[in-house]
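1. make a model of this:
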Amino acid sequence: MATTTMTMAKALNEGLRRAMERDKKVLLMGEDIGKLGGVFRITDGLQKDFGEDRVIDSPLAESAIVGTAVGLAIRGYRTVCEMQFDGFVYPAFDQIVSQVAKLHKRSDGAYTMGLVIRLPFQGGIGAIEHHSESPEAYFAHTAGLRVVSCSTPNDAYWMIQQAIEHDDPIIFCEPKSRYWEKGEVDLEGPSHELFESARRREGTDVTVIGYGASMKTIMRAADTAASEGVSLEVIDARSLSPLDLEPMIASIEKTGRFVTVQEAPHTASIGSELVAELTQRCFYSLRAPGIRVSGYHVPYPPTRLEEDYRPSVDRILDGVDRVMGFES
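-> Down below sits the predicted model:
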């Protein structure tokens, strides 16, 4: 097995490179993605190697970026649009929900929409207002869009390639606080399909489900719980729309309890959807109601309050204690 170690940022860069080498109709478009390589350097060196016609520095206009990509998709190109930060996606919201999500159906299948919108999301980098958000539920709610999130360098490397090859439009959520963390990447093939969830840790007492940056915190919580005699099974959702529920159901049927974790507020969220679906499907296996651990229902706070807002090990373990103690 050919493996190497790289950061998530480098894994995304290499995944984009492989996709561009395979298909000359793969284009990249975004603000400062060319010579600068993007604010997080995800596209570093790609304009030099593939040229300005394929790695396009755009104006500061997210709506124009996505609108141009729609036209290119109609002509058979596969454009990867970078939104510099999650909070900058909103100027493109009309294009995404009115055009990107609908054109395949509106054209009765005449047009595919092979378009990927890369969205650095969630917090953890001490950024200013509009630079840390979790808008994934907006897009998961929108019929016609698919939404995925990587949490490891290996997933980043393969999922970006799988997303580019897919004929449906994909919102590709990247946990920006994990860009610089290293992990092993298997260069021979992906371990999962694009829309599959993944079991990251086996356990017997409580199933904990998360995605993106929260996965590292969940794994730390699982280590702490194990030292206290509680066994957590950890599921990485990976795909937020569609949700791959079967591995979660199998886990909950074993443990009888579950907790969901996310940085977004809990109201009308991915966690809410998971609790609703899994409660309905696992009702007779449950020993306690599902618990959501999330960000609070307030605008994302200033830097000095960020770590009080994001789910922590203590808050996850509190959720675990609540479902463990329900019967008593």
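2. can you read off the pLDDT for Arg17?
-> On the pLDDT scale, Arg17 is placed at 98.
3. surely it is in a helix?
-> Yes: assigned with DSSP: H, G, I helix; E, B strand; the rest coil, Arg17 falls within a helix.
4. how close does it get to Glu82?
-> 15 Å (Cβ to Cβ, to the nearest Å). For every residue, glycine as well, the C-beta is placed using N, CA and C.
5. what of Asp32?
-> For Asp32 relative to Glu82 (Cβ to Cβ), the value is 9 Å.
6. ok, the closest residue to Asp186 other than its chain neighbours - contacts?
-> Using Cβ to Cβ, 6 or more residues apart in numbering and skipping the chain neighbours, the partner closest in space to Asp186 is Thr3 (5.2 Å). Applying Cβ atoms under 8 Å, 6 or more residues apart in numbering to Thr3 gives the contacts Glu184, Val185, Asp186, Leu187.
7. all helices for the stretch 201-328 of the chain, in order.
-> All helices of the stretch 201-328 of the chain, identified by DSSP state H, counting those that start in this stretch, fall at 214-227, 246-255, 270-281, 306-309, 313-324.
8. and these: which comes nearest Thr112?
-> For the helices of the stretch 201-328 of the chain, proximity to Thr112 was assessed by Cβ to Cβ; helix 270-281 is nearest, at 26.2 Å.
9. next, the angle from that closest one to helix 246-255.
-> 60 degrees (axes from the mean of the first three to the mean of the last three Cα atoms, to 10 degrees).
10. show me what helix 270-281 is in contact with.
-> 136-137, 140, 209, 211, 237, 240, 243, 245, 248-249, 252, 258, 260-262, 264, 266, 286, 289-294.
11. would you mark the buried spots in it?
-> Ile270, Gly271, Ser272, Glu273, Leu274, Val275, Leu278 (16 or more other Cβ atoms under 10 Å).
12. now tabulate these in TSV and tack on distance to Ser98 and pLDDT.
-> As requested, those are arranged in TSV below (distance: Cβ to Cβ, whole Å; pLDDT from 0 to 100):
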residue	distance to Ser98	pLDDT
Ile270	23	98
Gly271	27	98
Ser272	25	98
Glu273	23	98
Leu274	28	98
Val275	30	98
Leu278	32	98
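13. now, which of these sits nearest Thr217?
-> For those, the nearest to Thr217 is Gly271 (14.3 Å; Cβ to Cβ).
14. run a quick neighbour tally on the nearest residue to Tyr300 once chain neighbours are set aside.
-> Of all residues not flanking Tyr300 in the chain, Ser132 sits nearest, at 5.2 Å (Cβ to Cβ, 6+ apart). Neighbourhood size, Ser132 [other Cβ atoms under 10 Å]: 27.
15. make residue 1 into 3 and carry on from there
-> I'll keep to 3 as the first residue from here, and by that count the last item is Ser134.
16. now do the contacts for the most centrally placed residue in the chain.
-> Nearest to the geometric centre of the chain sits Ser151, at 1.7 Å (Cα atoms, centre = their mean). Taking Cβ under 8 Å, 6+ apart, we find Ser151 in contact with Phe123, Glu138, Phe174, Cys175, Glu176, Pro177, Tyr213, Gly214, Ala239, Arg240, Leu242.
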